[in-house]
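Peer 1: For reference, the sequence and a predicted model appear below.
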Amino acid sequence: MGLLNVIRPMALREKLPIREIARRTGLSRNTIKKYLNAGTIEPKFSLPERPSKLDPFAEKLAAWLKTETTKSRKQRRNLKQLHADLAALG
């Protein structure tokens with residue numbers, strides 16, 4: 001299925017001939033013809049929106065990161081310290 005994501009745009013959008021697609025992908029022309037003639041479309045799965053565990057703390061975390069960027073490199077908190085502070089909040 002991953003090959004369809006490569007072959008179909010080359011053939012349909014870029015209008016490349018089968019010989020050029022074969023040259024770029026390293027596949028045989030027969031394989032490329034087979035995939036293009038099959039007409040199958042790769043299924044797209046939609047993921048439902050799920051709330052994040054960080055949603056209640058998103059504003060606080062964004063404020064922390066914004067203040068950390070203004071500090072010099074030596075004065076910034078590292079990721080472990082930010083995680084410890086976030087864990088202390090809940």
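Peer 2: Looks like it came in fine. Numbers count the residues shown, from 1 in each chain.

Peer 1: Just checking, which helix or strand succeeds the least confident helix or strand in the chain by mean pLDDT along the chain?
Peer 2: Here the helix or strand of the chain ranked lowest by mean pLDDT, DSSP states H and E is helix 2-12, holding a mean of 83. Going down the chain from helix 2-12, the next helix or strand is helix 18-25, by DSSP states H and E.

Peer 1: Report the inter-axis angle for the helix or strand following that following helix versus helix 2-12.
Peer 2: Proceeding N to C from helix 18-25, the next assigned helix or strand is helix 29-38, under DSSP H and E. Orientation note: helix 29-38 sits at an angle of 80 degrees relative to helix 2-12 (axes from the mean of the first three to the mean of the last three C-alpha atoms, to 10 degrees).

Peer 1: Go ahead and name everything in contact with stretch 12-26.
Peer 2: Contacts to stretch 12-26, defined as C-beta atoms under 8 Å, 6 or more residues apart in numbering, come from residues 3, 6-7, 10-11, 27-29, 32-33, 36. For every residue, glycine as well, the C-beta is placed using N, CA and C.

Peer 1: The same query, at a cut-off of 10 Å, please.
Peer 2: 3, 6-11, 27-33, 35-36 (C-beta atoms under 10 Å, 6 or more residues apart in numbering).

Peer 1: Quick check: buried residues in the least confident helix or strand of the chain?
Peer 2: For helix 2-12, burial by neighbour count (16 or more other C-beta atoms under 10 Å) applies to 7-8, 10-11.

Peer 1: and the biggest helix by length in the chain, what does it pack onto?
Peer 2: Of all the segments of type helix in the chain, defined by DSSP state H, the longest one is helix 58-70. When contacts are defined as 3 or more C-beta pairs under 10 Å, 6 or more residues apart in numbering; DSSP states H and E, helix 58-70 sits against helix 79-89.

Peer 1: Fine, thanks again, bye for now.
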